[in-house]
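J.: Sequence and predicted model, in that order:
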Amino acid sequence: MSGFSRREFFKRSLASGLAGGLAFTGPGKQASASKPQVGTVIDLTRCDGCREFKIPACVTACGRENRDRFPRPVEEIGDYWPQKKKEDWSDKKELTTRLTPYNWTFVQKVTVEHRGKSYALAVPRRCMHCDNPPCANLCPFSAQHKKPEGPVVIDTNLCLGGAKCRDVCPWGIPARQAGVGLYLKIAPKFAGGGVMYKCDLCYPRLQAGKKPACVEACPRQAILIGPLGEMRALARARARVIKGYIYGEKENGGTSTLYISPAPFTKIHTALEKQKASQPNPALPGFPGMPAEVGNYMDSVNGIALSMVAAPVAGAVAAGYAAYRTMKGDK
C-alpha cells in the first residue's frame, strides 16, 4: 500500500470520523441540489421486449456502454470469512436474464389476466433511483450517493461489498461481485467481500448532456426521460388515457422511475413471484418483483436508528479513504 498500512488506514479513518462524524449529514445527502432532477417513464404498452432481437436493445446498449466499468476480479477469490461462500458472477458475464454485476438491466416477461383480457407484458428492470434511497442513506461506507440529477450512484472505489444496500432495497437491486475492490487493498484475506454494482442511469452520459444508453437504444420509445416533474405528469396523463396503473410514484416513498401498465402491478408482482419460484435456484438475487406501495425503510424505527449509527461510520470511512488516496498521491 505504498507505505500506508492497513492499521494506518483504520487509524486515520477513526480519527477523521470522530472529528467530523457529528457534522456528517449522511451518505445519501448532497450538498448541492441546483441541477434539475430527471425521471424516466417506462411504458409497458409500448415495450414488447424487442421480439425481433435475441436480446432486448436496452440490455445490449447497457452492456456495451458500461462494459469498461464491469468488475475484473482476482483469479483466486476468497470466501466471505468466516463463511465458506462468495458471490462470483465472473463465469456468467453473458447472462442477460437477471441483474448481475455484469448486467445492469434486463427484461422480465409475464402474462396476466385483467378484466377478461390477457396481457403479455415485457417489463424492463434496473435500479429505481429512489427519491429518498435507503441504500445511500444507510451505506456504512459512504459508497452510495443520490446525485443532484437524480441517479443513485455507487462509488466502486469505496464500496466494501457489505450488501446493506441490497438488504434495504425493496427490490434487492444491487449485485455483488467478490474478489474486487478496496477489500483487496486493506484486508486481502477477506477478498470475498467485493463490490456492489447496479444501474446509475448512465450518469457520465447525463453529465455530458446525453440520454442513458437504454433510452437512446429503445426502438419503440418505451423508455422516456425528462425533468422529474414532467415525467410524473406524463405518467399520470398516460395512465388516465389507457385506464391503467402507475408504479414507482409512491413505492419506497417515491422513485425517479415510473412504470405505466394496462394491468395492476399487484397481478404483475404475483406473476413475477411465481416465475421466480419456478427457476432452478429461486434464492439467487437479481430477479426482483414489483411489490405494490411498499414503504420506505427510512421511515421505520429501525431505519431511523440505523441511519444515526451509519452516518458517523460512513464519515469516518470516507475520510480515511481520502487520506489513503492522498498518501498514494492520487487526486
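T.: Received, thanks.

J.: For residue 140, grab the count of nearby residues.
T.: Per other CB atoms under 10 Å, the neighbour tally for residue 140 reads 19. To be clear about C-beta, it is placed using only N, CA and C from the backbone, and glycine gets the same treatment.

J.: Also the one 4 residues further on?
T.: Around residue 144 there are 27 other residues, counting by other CB under 10 Å.

J.: Please look at it and residue 134 and confirm they touch.
T.: No - with contacts counted by CB atoms under 8 Å, residue 144 stays clear of residue 134, the gap being 9.8 Å.

J.: shared neighbours of these two, which are they?
T.: Shared between the contact lists of residue 144 and residue 134 (criterion: CB atoms under 8 Å, 6 or more residues apart in numbering) are residues residue 165.

J.: Show the low-confidence segments of the stretch 1-150 of the chain, by residue range.
T.: Within the stretch 1-150 of the chain, the stretches with pLDDT under 70 are 1-34.

J.: Which residue ranges of it form helices?
T.: For the stretch 1-150 of the chain, the helices defined by DSSP state H, counting those that start in this stretch occupy 6-20, 57-66, 134-137.

J.: Can you name every helix or strand that the shortest one contacts?
T.: Based on contacts counted as 3 or more CB pairs under 8 Å, 6 or more residues apart in numbering; DSSP states H and E, the elements that helix 134-137 packs against are strand 144-146, helix 164-168, helix 301-328.

J.: Show me which positions of stretch 66-75 end up buried.
T.: 66, 70, 71, 73 (16 or more other CB atoms under 10 Å).

J.: can you tell me which two in those are farthest apart?
T.: Using CB to CB, those span at most 16.4 Å, a distance reached by 66 and 73.

J.: Tell me, how many residues neighbour residue 82?
T.: Residues lying near residue 82 (other CB under 10 Å) number 6.

J.: OK, contacts around the closest residue in space to residue 269 that isn't next to it in sequence?
T.: Distances taken as CB to CB, 6 or more residues apart in numbering put residue 290 closest to residue 269, at 4.4 Å, once the chain neighbours are dropped. For residue 290, the contacting residues are 123, 171, 247, 259, 265, 268, 269, 272, by CB under 8 Å, 6+ apart.

J.: And the third one, how far from residue 113?
T.: It refers to residue 247. Counting by CB to CB, to the nearest Å, the gap from residue 247 to residue 113 is 18 Å.

J.: out of these two, which sits in the more crowded spot?
T.: The neighbour comparison of residue 247 against residue 113 (other CB under 10 Å) goes to residue 247, with 27 against 11.

J.: Would you list the phi and psi of the more buried one?
T.: Per-residue torsions, residue 247: phi -130, psi 130 (degrees, to the nearest 10).

J.: beta partners of it?
T.: Residues in a beta bridge with residue 247, per DSSP bridges, are residue 259.

J.: Make sure it is actually in contact with residue 264.
T.: No - the pair residue 247 / residue 264 is not scored as a contact, 9.4 Å apart, by CB under 8 Å.

J.: Residues in contact with both of those two, list them for me.
T.: Residues touching both residue 247 and residue 264 (CB under 8 Å, 6+ apart): residue 292.

J.: Most remote residue from the middle of this protein, which is it?
T.: residue 116 (35.8 Å; CA atoms, centre = their mean).
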